[in-house]
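J.: Got a sequence here, can you model it:
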Amino acid sequence: MSTRQIQTPRSTANAAFALAHLLERIDRSGNPVDAAQYQIVVSRLKQALSAKLPEAALTAVLNNYPSTAELYENMHYELSGLSQSSLNSAVSAELQTAQLLDRFSLHPRARGN
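T.: This is a model prediction of the structure:
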């Protein structure tokens, strides 16, 4: 006799949090990671994010785990684009890039453009 595993919103949310935490640790560790293990974590996290999570749980996962927010964004790009990415950080990165390019350019751009 086999036991059937029942997925509740709470167990699905717990799995999503645990996997998001693991992905964040892997991404931020700086240590080499086995590609197959990484793919397993990402695959299982994608399954958890695709399940019917309570809105509050999904929001909490995405707000607390940047790697998971990026993964979720990529999963739903065709519908929402880069909606999870902070506009401020994108604008800041663009300005820093322009400043760096000006610094190393032979012909700096005119200020105020």
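J.: any idea how far V61 lies from L53?
T.: 8 Å (C-beta to C-beta, to the nearest Å). For every residue, glycine as well, the C-beta is placed using N, CA and C.
J.: got it, and E73?
T.: For E73, the distance to L53 - C-beta to C-beta - is 16 Å.
J.: Among these two, which residue is more densely surrounded?
T.: Taking neighbours as other C-beta atoms under 10 Å, E73 and L53 compare with L53 leading, 19 against 16.
J.: Just say helix, strand or coil for the more buried one.
T.: coil (DSSP: H, G, I helix; E, B strand; the rest coil).
J.: Check it and give its pLDDT.
T.: For L53, the model assigns a pLDDT of 86.
J.: Return every residue with contacts to both of V61 and L53.
T.: The contact sets of V61 and L53 overlap at A13, A16 (C-beta atoms under 8 Å, 6 or more residues apart in numbering).
J.: Do me a favour and get the end-to-end distance for stretch 77-92?
T.: Length of stretch 77-92, first residue to last, C-alpha to C-alpha, to the nearest Å: 22 Å.
J.: what about the residue lying closest to P66 once chain neighbours are set aside, distance to G30?
T.: Among residues not flanking P66 along the chain, E24 sits closest, at 7.2 Å (C-beta to C-beta, 6 or more residues apart in numbering). When distance is defined by C-beta to C-beta, E24 is 13 Å away from G30.
J.: Looking at these two, which is more packed in?
T.: E24 (15 against 6).
J.: Using CSV, write down the CA coordinates of the host helix or strand of that one.
T.: Taking DSSP states H and E as the criterion, E24 maps to helix 9-29. Taking Å, rounded to 0.1, in the frame of the first residue of the first chain, the C-alpha atoms of helix 9-29 are listed here in CSV:
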residue,chain,number,x,y,z
PRO,A,9,-0.7,25.5,0.7
ARG,A,10,1.3,25.6,3.9
SER,A,11,3.6,22.7,3.0
THR,A,12,4.1,24.2,-0.5
ALA,A,13,4.9,27.6,1.0
ASN,A,14,7.4,26.0,3.4
ALA,A,15,9.1,24.1,0.6
ALA,A,16,9.3,27.4,-1.4
PHE,A,17,10.9,29.2,1.5
ALA,A,18,13.3,26.4,2.2
LEU,A,19,14.4,26.1,-1.5
ALA,A,20,14.6,29.9,-1.9
HIS,A,21,16.8,30.1,1.2
LEU,A,22,19.0,27.3,-0.2
LEU,A,23,19.3,29.0,-3.6
GLU,A,24,20.2,32.3,-2.0
ARG,A,25,23.0,30.5,0.1
ILE,A,26,24.3,28.8,-3.0
ASP,A,27,24.3,32.0,-5.1
ARG,A,28,25.9,34.1,-2.4
SER,A,29,28.5,31.6,-1.1
